[in-house]
Structures are given as structure tokens and as C-alpha cells.
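Colleague: below are the sequence and a predicted model for it; my questions follow.
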Amino acid sequence: MTTSAAIPTPRSAEEQARLEASLTEMFEQRITFNTVLGLKMLSVKPGDVRGRIAMRPELVGHYAYGRLHGGVISATLDAMGGLALMVGIGERHASDTAVQVMHRFMKMGTIDLRIDYLRPGLGQHFIATAEVTRLGGRLGSTQMRLVNDEGTLIATGAAAYVVS
């Protein structure tokens, strides 16, 4: 007697679009600290996770030079690392609905974060990117980058998160 395991059906393009919209809405509007930062998602697609923050007076860390505050840099890179993992989890569970994937966010949390500040945070806006370096059953790791509007690398980061 042979038994065959059911092959999961990948989510439809419509459901994938719903997931991407849900991730964008969560990271831009429901995580209120991201709203304070002014973090806007540019892409939430597998292999292309990017966000943007515009420079504003509220984000200045050094009044004499008008540089972006280090805490803003750190928080932005941490948020982008978490988003990259959510996109990765969505990829790993390709048959889950957007609601099921979003529910997995409730179990996530940062457990380690390292930021390397390479240059002063000067610019009109900043682009943050993140990629998953490892996604296990319980932990995930990411690497992140922040560049200014001229493409100058401002900071890099590495983080680990609980994902289950």
C-alpha cells in the first residue's frame, strides 16, 4: 500500500499581493514606532526588501551638524531585518494565506542586534535594505544596510530574531 503526501499548493498571485500589502501596512502603520520614524516600504518581495526614511528635524541626533540620530539608524535597520524575516517566512510557508503568515509575526522578537556606524548620517533621505542570512525553525539571522540619497553607505547591521 502506497501513501502519498499532499503537495501544498503555493499561494496565488492575488494572495501574495495581499500578503505584501499586509506586511506594508503592518510595518508602516501598525508598528507605531515605525510611523514615528516615517519608515515607508519600497519593496516587500523575496530577495528585495527595501524601506525609506526622509530626513526631518525630529530625526536629527547632532544639532550642530544635522546628522541622523544613531537610534533612528538602529531602529530602522532592526525593523528592516524583521521585515526581511517575515518575507522569508512567507516564502518558506508558500501555501499559507496572508493571514496565517501575519499571525507568525506575533512570535517574533529581536534577540541580538549589532550596528556598525560607518559615516555620519547626512542626506535628504535614506534607503535601508535587508536580507536573510539564515532562517531556521526557531531563529533567523539577517544583514542590513543603510545608504543615503547619494548611495553612500552610512551603516550596516546584523541581527538575530526568535521566529517561533
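Modeller: On my side now, so go ahead.

Colleague: what ranges does the chain have for its helices?
Modeller: Secondary structure of the chain (DSSP state H): helices at 13-25, 32-37, 70-92, 98-104.

Colleague: same for the shortest one, what does it pack against?
Modeller: Translated: helix 32-37. helix 70-92 (3 or more C-beta pairs under 8 Å, 6 or more residues apart in numbering; DSSP states H and E). (Each C-beta comes from the backbone N, C-alpha and C, glycine too.)

Colleague: got a list of what T133 touches?
Modeller: T133 sits next to 141-143, 158 when contact means C-beta atoms under 8 Å, 6 or more residues apart in numbering.

Colleague: picking up where we left off before, okay, the helices of the chain in a markdown table with mean pLDDT, distance to G121 and mean neighbour count next?
Modeller: A markdown table is the format used below for the helices of the chain (pLDDT from 0 to 100; distance: least, C-beta to C-beta, whole Å; neighbours: other C-beta atoms under 10 Å):
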| stretch | mean pLDDT | distance to G121 | mean neighbour count |
| --- | --- | --- | --- |
| helix 13-25 | 94 | 24 | 16 |
| helix 32-37 | 96 | 13 | 14 |
| helix 70-92 | 96 | 6 | 23 |
| helix 98-104 | 90 | 31 | 16 |
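
Colleague: would you list these in a markdown table and tack on distance to I127?
Modeller: Below are these laid out as a markdown table (distance: least, C-beta to C-beta, whole Å):
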| stretch | distance to I127 |
| --- | --- |
| helix 13-25 | 16 |
| helix 32-37 | 14 |
| helix 70-92 | 10 |
| helix 98-104 | 25 |
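
Colleague: so which of the ones you listed is nearest G137?
Modeller: Shortest distance between G137 and the helices of the chain, using C-beta to C-beta, is found for helix 70-92: 9.8 Å.

Colleague: that closest one vs helix 13-25, what angle?
Modeller: Interaxial angle of helix 70-92 relative to helix 13-25 (axes from the mean of the first three to the mean of the last three C-alpha atoms, to 10 degrees): 160 degrees.

Colleague: check the offset of helix 70-92 from the chain's centre.
Modeller: 2 Å (C-alpha atoms, centre = their mean, to the nearest Å).
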